[in-house]
Structures are given as structure tokens and as C-alpha cells.
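S.K.: Predicted structure and sequence below. I'll ask about it afterward.
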Amino acid sequence: MVSGGDLFGSVTADWHLYADEDYLDGMIAFHEVYMPSHDILASAMDLLDSYPLNMICPQHGSILPKALIEPAIATLTKLPCGLFLEIPVKDLDEEGGVRSLLDQILTRLITIHGAEEIRVMFKQSPFTVNTKLRKITKSSIDDDSIWNAFFSFLGEQRSGTQYLASISSMVELLCKKYGIPLPESLNSVLFRSQTETEENRRQVQILQTQLKKFEEDLHRDPITKLYNQEFYLAWLEKELSGISSQKRPITSCVMNIDNLDRINLDFGSTEGDKTLRLLATLLIEHVESQVQVCRIGGSAFALLYVSIEKDEVIDRVTKLRNLIHEDDRFIVPPINVSMGIFHSSEIPKALHQDPEQMALLVNQSTCSEFVWQRSREEALSPAQQMLPAVELYLLCCWLTTLGFPVTWSNTPWKSNHFVCLPQTMVLQQRRVYLPTLWISFFVSCLSQKSADSH
């Protein structure tokens, strides 16, 4: 016994578990359309013919018993099929004329659609058919017109396109074999079918493009257009799945804008979004192309490094953090950025077979337990974090006497050197650093004391 796969498959309306003699015509119908080359098919048949086969079980069709194996192999060996088939033209009159061709086509229709359906269809037609003999026994149409009339009648039926499509390959072969033109109705059906196929293919391409865009948008953050947390976790899971075999180090660096909430409160969400977009642009400009940059929610961003050791990643993100700190394009320069780093070597070996749990561990570790790495400019002592309220009050009184309009804001404001106030003095139309103001204050006091002494 041999499993034939697509070979020896058949198209028939009257299916049985075991094939009978009528099975061969459906087998021809199947292979005419499906087989790309006559030479390949004939070579396969020659090989099968050399084996003592008792049964063939095709994937599509019925089981061929031993009695049908030899006729089936012989039929497929001689079957004309393939894209580059060249058929010698034969004399149609010697083969019985057009009616003999129509009998072959009628046989194919009965095989594919069933004898009863074909009998009912031709009941009220200019053709009298005998479904048992599979012949057109009588017609009111003359021989010169019967060829085109037969196909016109088929095309006018409710399932006309289906009928014509099922016999199109056979009709094309017969037309080549006997040098006759394709019937006009079949030709128009084939053209229409080809046009519809091209249109459907174009629509499929459009839908595929739209689907790809939807999938891309699904994994993008709407504000920054960076990849979002869903992509971040999926990427981690994919890369960590080969952690045991590939031995590639993977590092996740999560970066958080500490004062984003304050920016949103003082300047509005528009400026907050602008800060996010500006930081996203800065990150894309200053990281390598193979580094994945994601916004994973709120004020948090993630940088994903592959095949780079942890110390090297720390050096890179430290330089990157200093660039962010020195950038004066933000509405509140500098913005405060904290970072957390997690390296794949820190993952317990017990989790190496569970990529999903490893991804969750990395995400939780970097987002919940930041390794704070503040730059030297931001390493402020508690005494530098706040000036006494009385000191602030005196300074503001002095500023007012000098003619500086003073307003209040909750925005943390720092000098370039060391001072950080819980509330900010916003000097309208001017930008004056606090150390300068304090120096001016003491100079003014000394001047006043000198004037009093005189």
C-alpha cells in the first residue's frame, strides 16, 4: 500500500470509499488543473509502476484497489497537463467532430456535478442528453453553431460561472488539441474571472497593508510613537526564551522622569506630552540602531540592550543621562531622570525555562526597584534641598524693594550650582539665579551700613 498524497486525487460529485471505473475521469479533472508539468507527472508514474502495489490511498479522493492501479497509472502517464504543454494539433473530423468533444465535456460535467443535477439542467434546453450514456443524443442546433451555443447555455444557468469554471481547463486543452477557438462565453468568463482575481488580489494587499498598520499601531505609544509596554514585554519574552542556549546577555534599562507630574500640574498636559516627545527624540538620536526604545507607561521609558555586558550598558546610559540633564530644550531644565538596570545574569536559573516569568521579573525589578544613579549636579544635601522659610521671606521682601515683581509657583526650580527650593520665585521678564541674588543682597546691606556710618 502507498499513500499517494495529491497524486491520484479526484474531483467527483459521487464519492465512494473505494474508487470505481468512473473515478478516472474525476482524477483527470483534478490533475489537469493541479499538476504543473507533464514530464514530472510521467516520471512519478514510471517510478510507481515499478513497485508491486496492492492499494493506493490518495489524500483527496477514494482508495484505488489493485484492479484500478494499472489503468490509473497509465491514464496519468499519458495525461496532457502543465503550463508549458505543447500539444500537436489533430484533425477534428477524424475524432468525430464537435459533438464528440461536447460528449467529453458532458462527461466531465456529470463527474463533477452529478448526473441528476446535469439531467435537470438540460431538461428544458435545445440539447437532449442521456446521463447514463453520457452523450448528447439530439439537438435542434446545427453543427456549425452547436459549439458556442452549448457554452452559452451553460453560462446562462444560475450556477453558470461554476459550471464553466469546472470545465475550463479541459476545454482549453481540447481547443489546443484540435485548433479551434475558445467559446466566446467561456472566454468572457475566464477574462471576468481573471479580472476578479486581480481585483481580489489588490484588495487583499490593501487589507494586508492596513492590518500591518493596525498591528504596528497596537504596539506603539500614541504620544511618542515609540513601542509600548505590550511590545516591551513581548520582546523581553522572545529574547529571554533563548537565554540558556544562546548565552547572549540582555539588559533592560528603565528611565523615569521624576518631575513629570509637576510639569503637568504647573504647565498643563500639553507641555507634559511635549516633554515626553522631546525625551523620546533625544533617546532615539543618541542610542544605537539595534537598541529598542519603548515608553512603558506614564513617565517611564525602557532601553533594551542585547549582547552588551552590564558595565558597558551602565557607561552608555550614564552618558545618555548626562546628555538629558544638559539639554536646555525642556520647559523646566534640567529634568530629573532616575534609572533602573537589570541584567539577564541576575535571573535565577530556575526560571530559565519560563520566558514569560522571566520577562515579568525583569519588568518588576526595573520598574519597582530602581537603582538610583543621580548625576553629580543633582546630588544635593538635605540642607541644599530647602532654604528656611524666614530666609526665603526676607529675600523676597528685599527683591520687592528693589522693584522685582515676584510671583509664586509650585515648580521645583534649581540654580546651575546648588540651590533647590520647594517653591519657586518666577521673576517676570528676567531670569536671575539665587546665588547672584544673595550676593547682591549682602552687597546692598554692606552699602547701606557704610552709608549709615557716614
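M.R.: That came in fine, so what should we check first?
S.K.: The residue lying closest to Thr77 once chain neighbours are set aside - how many residues pack around it?
M.R.: In space, Thr77 comes closest to Met45 once its chain neighbours are excluded; the distance is 4.3 Å by Cβ to Cβ, 6 or more residues apart in numbering. Where you see a C-beta, it was placed from the backbone N, CA and C, and this is true even at glycine. Using other Cβ atoms under 10 Å, Met45 is surrounded by 19 other residues.
S.K.: which parts of the helix or strand encompassing Met45 are buried?
M.R.: Using DSSP states H and E, Met45 maps to helix 38-49. Residues of helix 38-49 classed as buried by neighbour count (16 or more other Cβ atoms under 10 Å): His38, Leu41, Ala44, Met45, Leu48.
S.K.: thinking again about what came up before, and the residue nearest to Thr77, how far from Lys78?
M.R.: 9 Å (Cβ to Cβ, to the nearest Å).
S.K.: so when I look at Phe301, I'm seeing a strand, right?
M.R.: Yes. With DSSP: H, G, I helix; E, B strand; the rest coil as the criterion, Phe301 is part of a strand.
S.K.: contacting residues for it?
M.R.: Taking Cβ atoms under 8 Å, 6 or more residues apart in numbering, we find Phe301 in contact with Leu226, Val254, Met255, Asn256, Leu279, Ala280, Leu283, Val293, Cys294, Arg295.
S.K.: Produce a PyMOL select command limited to the buried residues of those.
M.R.: Only the buried entries of the contacts of Phe301 go into this PyMOL selection, using 16+ other Cβ under 10 Å:
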select buried, resi 226+254+255+256+279+280+283+293+294+295
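S.K.: per the record, what domains does this protein have?
M.R.: The record's domain parsing of the chain by automatic domain parsing lists 2-77, 93-193, 229-378, 382-453.
S.K.: With mean pLDDT and distance to Arg201 added, can I get those in TSV?
M.R.: Converted to TSV, the domains of the chain look like this (pLDDT from 0 to 100; distance: least, Cβ to Cβ, whole Å):
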stretch	mean pLDDT	distance to Arg201
domain 2-77	85	19
domain 93-193	87	12
domain 229-378	81	31
domain 382-453	48	58
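S.K.: Format those as a markdown table; extra columns: distance to Gln205.
M.R.: A markdown table is the format used below for the domains of the chain (distance: least, Cβ to Cβ, whole Å):
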| stretch | distance to Gln205 |
| --- | --- |
| domain 2-77 | 24 |
| domain 93-193 | 19 |
| domain 229-378 | 25 |
| domain 382-453 | 52 |
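S.K.: Tell me the spacing between the residue lying closest to Tyr163 once chain neighbours are set aside and Leu320.
M.R.: Using Cβ to Cβ, 6+ apart and skipping the chain neighbours, the partner closest in space to Tyr163 is Leu154 (4.8 Å). With distances taken as Cβ to Cβ, Leu154 is found 73 Å from Leu320.
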